[in-house]
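# sequence-free structure coming up:
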Ligand code: NAX
């Protein structure tokens with residue numbers, strides 16, 4: 001039996017975690033021979049709700065689940081942790097302005113960055129899902145100066161998978177037939193889902209759909225999918241699909257893209273090294289490959305149309321505005 005890995009999940013009593021935790025415990029992310037210990041962080045008032053989730057995890061009698069540590073203390077949750085899902089965040093309340101939301105989440109993620117810096121395994125992989133995910137990733141990383149910036153990524157795989165699903169439906173194909181989808185930029189409505197390099201059964205996607213559908217249907221539908229799901233679910237946001245995306249992204253990051261279902265590439269928001277002219281230091285979604293050792297490489301030299309360049313700049317601009325709004329916490 002392998003040594004258990006420590007996996008922390010924040011917002012563990014929330015709705016995304018309610019899908020995610022059971023998939024982690026079943027071996028879907030780290031393998032069906034890899035025991036895990038779940039370290040579950042919640043705010044103090046939610047510890048009761050968390051206890052109910054812990055009871056259900058125990059009731060599943062998962063063979064791989066070797067321990068559960070529920071806590072409201074980040075230093076306990078992140079102690080020697082190998083993998084972290086930062087899901088917990090403060091939702092936008094009535095009358096709350098975007099900058100207020102940025103500010104209160106910035107406080108949460110700066111505290112969690114400091115805790116990770118103090119007690120996490122130095123090779124930890126931290127996946128940020130809580131919104132605004134890219135800027136929360138920036139804050140977490142900047143507050144963990146002893147950890148390699150490559151230990152952090154924000155989640156783009158929900159948008160990536162939404163793009164695949166939509167294109168497959170349009171072309172009467174299956175998700176597995178679609179390759180080389182890209183989501184550039186911020187996980188927000190400014191993101192740019194890009195079909196320029198996508199293929200369906202090996203045929204260029206842009207030869208199968210017309211430009212009007214791309215500009216007026218595909219791009220806005222992916223950009224606004226989260227809001228549409230909230231509308232259709234009577235106020236509830238994407239949860240199972242978000243948990244699925246966290247599973248996909250962490251699994252690919254752990255075992256490498258070649259062995260994952262996304263052997264072409266995945267979209268992942270990582271710290272920019274200046275690729276494609278994106279300002280260094282921003283957490284920006286790029287197409288990436290991951291080696292079997294977990295090394296992430298941004299795919300280079302992809303051709304971009306004038307339309308693509310403009311969309312990529314717009315979403316970069318939004319990330320700069322978000323960063324400037326919380327600059328005092330960096
Ligand atoms: P819920 O409101 O159901 O759960 C959030 C949980 O986080 C709550 O139980 C809350 O008590 C907890 N929490 C709040 N502050 C915390 C803190 N400081 N430490 C630990 N726990 C804390 O939200 P849910 O639907 O699970 O969504 C979680 C986050 O994911 C939200 O920010 C949401 O906007 C974001 N999303 C991100 C997506 C992405 O693709 N990056 C897509 C789905 C989702 O919208």
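Perfect, I can see it now. All of these numbers come straight from a predicted model, not from anything done at the bench. Residues are numbered from 1 along each chain as shown.
# which residues sit in contact with the closest residue to the ligand within the chain?
For the chain and the ligand, the shortest gap (CB to the nearest ligand atom) falls at residue 14, measuring 2.0 Å. Backbone N, C-alpha and C define where each C-beta goes, glycine included. Listed by CB atoms under 8 Å, 6 or more residues apart in numbering, the contact partners of residue 14 are 87-88.
# residue nearest the centroid of the chain?
residue 155 (1.5 Å; CA atoms, centre = their mean).
# for it, give me its contacts.
With contacts defined as CB under 8 Å, 6+ apart, residue 155 is in contact with 127-129, 133, 187, 242, 245-246, 249, 269.
# hmm, who's touching whatever helix or strand residue 8 lives in?
If you go by DSSP states H and E, residue 8 is part of strand 5-10. With contacts defined as CB under 8 Å, 6+ apart, strand 5-10 is touched by 17, 20-21, 24, 30, 34-42, 74, 77-88, 112, 121, 130.
# and the helices in the stretch 151-300 of the chain?
Using DSSP state H, counting those that start in this stretch, the helices of the stretch 151-300 of the chain run over 157-170, 211-213, 219-223, 225-232, 240-255.
# I figured residue 78 was touching residue 119, is that so?
Yes - using CB atoms under 8 Å, residue 78 is in contact with residue 119, at 5.2 Å.
# the more surrounded of the two?
Comparing residue 78 with residue 119 by other CB atoms under 10 Å, the one with more neighbours is residue 78, at 26 against 16.
# next one: the more buried one, what pLDDT does it get?
Among the per-residue scores, residue 78 shows a pLDDT of 98.
# what sits against it?
8, 39, 41, 84, 112, 115-116, 118-120 are the contacts of residue 78 under CB under 8 Å, 6+ apart.
# what separation is there between residue 113 and residue 72?
18 Å (CB to CB, to the nearest Å).
# more neighbours, these two?
Comparing residue 113 with residue 72 by neighbour count (other CB under 10 Å), the higher total belongs to residue 113, at 27 against 15.
# tell me the secondary structure at the more buried one.
helix (DSSP: H, G, I helix; E, B strand; the rest coil).
# wait, it sits on residue 137?
No - judged on CB under 8 Å, residue 113 makes no contact with residue 137 at a distance of 9.6 Å.
# what about residue 169, neighbour count?
Residue 169, neighbours per other CB under 10 Å, totals 11.
# same question for the one 10 residues further on.
Around residue 179 sit 17 other residues, with neighbours defined as other CB under 10 Å.
# mind listing what the helix or strand that contains residue 69 pairs with, with the direction of each?
In this structure, residue 69 is located in strand 65-71 according to DSSP H and E. Strand pairing for strand 65-71, determined by DSSP bridges: strand 36-41 (parallel).
# for the helix or strand following the strand it pairs with, list every residue counted as buried.
Counting by DSSP H and E, the element after strand 36-41 in chain order, helix or strand, is helix 47-59. By 16 or more other CB atoms under 10 Å, the buried positions in helix 47-59 come out as 47, 50, 53-54, 57.
# now the angle from helix 47-59 to strand 36-41?
In terms of direction (axes from the mean of the first three to the mean of the last three CA atoms, to 10 degrees), helix 47-59 departs from strand 36-41 by 170 degrees.
# contact partners of helix 47-59?
12-13, 17-18, 21-22, 25, 38, 40, 42, 65, 68, 70, 72.
# quick one: mean pLDDT for it?
Mean predicted confidence for helix 47-59 is 98.
# mind listing the strands for the stretch 51-200 of the chain?
65-71, 83-86, 125-128, 152-154, 178-179, 182-184, 192-194, 199-200 (DSSP state E, counting those that start in this stretch).
# among those strands, which is nearest residue 225?
strand 192-194 (9.6 Å; CB to CB).
# packing partners for the closest one?
helix 157-170, strand 182-184, helix 219-223, helix 306-325 (3 or more CB pairs under 8 Å, 6 or more residues apart in numbering; DSSP states H and E).
# let me know which of those is tucked in deepest.
Ranked by mean neighbour count under mean count of other CB atoms under 10 Å, the helices and strands packed on strand 192-194 are led by strand 182-184, which reaches a mean of 26.
# quick one: strands adjacent to it?
Partners of strand 182-184 in the sheet, by DSSP bridges, are strand 192-194 (antiparallel).
# the partner strand near the ligand anywhere?
No - Strand 192-194 does not reach the ligand (CB under 6 Å from any ligand atom); its nearest approach is 12.9 Å.
# isn't residue 194 right up against residue 182?
Yes - here residue 194 reaches residue 182: they are 4.3 Å apart, a contact under CB under 8 Å.
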